[in-house]
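**Q** Below are the sequence and a predicted model; questions follow.
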Amino acid sequence: MIRINENYTKLAASYLFADIARRVNAYTAAHPDRPVIRLGIGDVTEPLPAACVEALHAATDEMAQRATFKGYGPEQGYAFLRELVAQRDYADRGCAIGPDEVFVSDGSKCDSGNIQEIFATDIRLAIPDPVYPVYVDTNVMAGRTGACVDGRYEGILYLESTAANSYVPAVPQAPADLVYLCFPNNPTGAVATRQQLAAWVDYAKRNRAVLLFDSAYESYIRDPAIPHSIYEIEGARDVAIEFRSFSKTAGFTGTRCAYTVVPKTVVAWDREGRPHPLYALWNRRHTTKFNGVSYPIQRAAAAVYTKEGRIQTRALTDFYLGNAELIRSAMGRLGFPCVGGDNAPYIWVNIGRDSWEFFDLLLERAQVVCTPGAGFGKCGEGHIRISAFNSRANVEQALERIAAALK
Ligand code: MLT
């Protein structure tokens, strides 16, 4: 008799954003005359930068000619892109990352979900609350947790991010083996200082732990004192894996291109206490389960690093940050304390009441979609996340409708 992976039965029935989409679709089907504005899932709305589009066209033309046609590429990504990443995203910021330590992929969602496969199932996990649900759900699926009791899985050390710690969790007393961190943060938009990140690197060294650092939103950092990469912290090369994405930087949510950095110096141990470089394990996994991002898409991603690409992607992130500023000010004027939105495309709004009820209220009275904080974890209750990814006209209209609905 074929049997299921029963770990899946511990999960909530559907993924947070799938659940929200289902509710919104039901609402629009029942009220076709009331168009909704979506500030829920962080999905970009503005077109690809012209430099990326040109590179995509040129690479497509190459695929049309026998002499320049490409079949399978290297699973880890083409050298032209890995070299640009190593130089421009790391060496230029003083971080020593080699091109061969960069693994190009089709998304940070997949990579941050898949990375747990290379670790033992009985390790101790430390995961922020609230958090991007992928980190928790993939560990539940893999059997690293017990049941979900009162909104929390047994076996996870939750790193609470609340108003009391300005939504940046402190390093815990208790030891953990694998720590998930995300800065600029999804969902809160909070950023971590150099000192706060240094404390995590120190914690990882003391506990022989590994940090999984998701910096998918680093291109939204405007404060020059805030690190863009965990590798800006001394010693991080020995304890941290970093995830980066072109999705929010260059509008690639539908185009799909990201990368994960696994320095050759990061190790984890087997049961006999022998160290193993995680680089080798991730390389093994990646080459076995992934066949690489398509050549035209990698060319489009490489165009982000051209002079025009830099200017255009900066204009794109500036544009969304302009939306974020409008949202943060408008919600503040309505009396809600907010964080985020200044170095991140998300605004975390302290609504002080049930977040799903508030989600329903905004959907029904304002036809605006937000994300209820409870969907990101227990500490997310009493908050909503508003995404700055939409056109200016839609953001302005959504804010007018929210103000009218809450009068
Ligand atoms: C979000 O809304 O949290 C993000 O769009 C999710 C993602 O990037 O997968």
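**A** Thanks, I have the structure now.
**Q** for the residue in the chain positioned nearest to the ligand, what are its contacts?
**A** Residue of the chain nearest the ligand, by CB to the nearest ligand atom: Gly42 (3.3 Å). The way it works is simple: take the backbone N, C-alpha and C, and place the C-beta from them, glycine included. By CB atoms under 8 Å, 6 or more residues apart in numbering, the contact list for Gly42 reads 186, 248, 345-346, 387, 389.
**Q** Now, those residues that are in strands?
**A** 346, 387 (DSSP state E).
**Q** residues from the chain in reach of the ligand?
**A** 41-43, 109, 132, 186 (CB under 6 Å from any ligand atom).
**Q** most surrounded residue in those residues?
**A** Most neighbours among the residues of the chain next to the ligand, by other CB atoms under 10 Å: Asn186, with 26 neighbours.
**Q** So that one is in contact with Tyr220, correct?
**A** No - if you go by CB atoms under 8 Å, Asn186 and Tyr220 don't touch, sitting 10.8 Å apart.
**Q** Now do the shared contacts for those two.
**A** Ala344.
**Q** Now do the strands in the stretch 51-200 of the chain.
**A** For the stretch 51-200 of the chain, the strands defined by DSSP state E, counting those that start in this stretch occupy 102-105, 125-129, 148-149, 152-153, 156-160, 178-182.
**Q** Can I get those in a markdown table including mean pLDDT, distance to Thr138 and mean neighbour count?
**A** Formatted as a markdown table, the strands of the stretch 51-200 of the chain follow (pLDDT from 0 to 100; distance: least, CB to CB, whole Å; neighbours: other CB atoms under 10 Å):
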| stretch | mean pLDDT | distance to Thr138 | mean neighbour count |
| --- | --- | --- | --- |
| strand 102-105 | 98 | 15 | 24 |
| strand 125-129 | 98 | 11 | 23 |
| strand 148-149 | 94 | 15 | 12 |
| strand 152-153 | 96 | 12 | 18 |
| strand 156-160 | 98 | 12 | 19 |
| strand 178-182 | 98 | 10 | 24 |
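**Q** need these in JSON lines with distance to Ile351, can you?
**A** Shown next, in JSON lines, are the strands of the stretch 51-200 of the chain (distance: least, CB to CB, whole Å):
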{"stretch": "strand 102-105", "distance to Ile351": "36"}
{"stretch": "strand 125-129", "distance to Ile351": "18"}
{"stretch": "strand 148-149", "distance to Ile351": "24"}
{"stretch": "strand 152-153", "distance to Ile351": "22"}
{"stretch": "strand 156-160", "distance to Ile351": "18"}
{"stretch": "strand 178-182", "distance to Ile351": "22"}
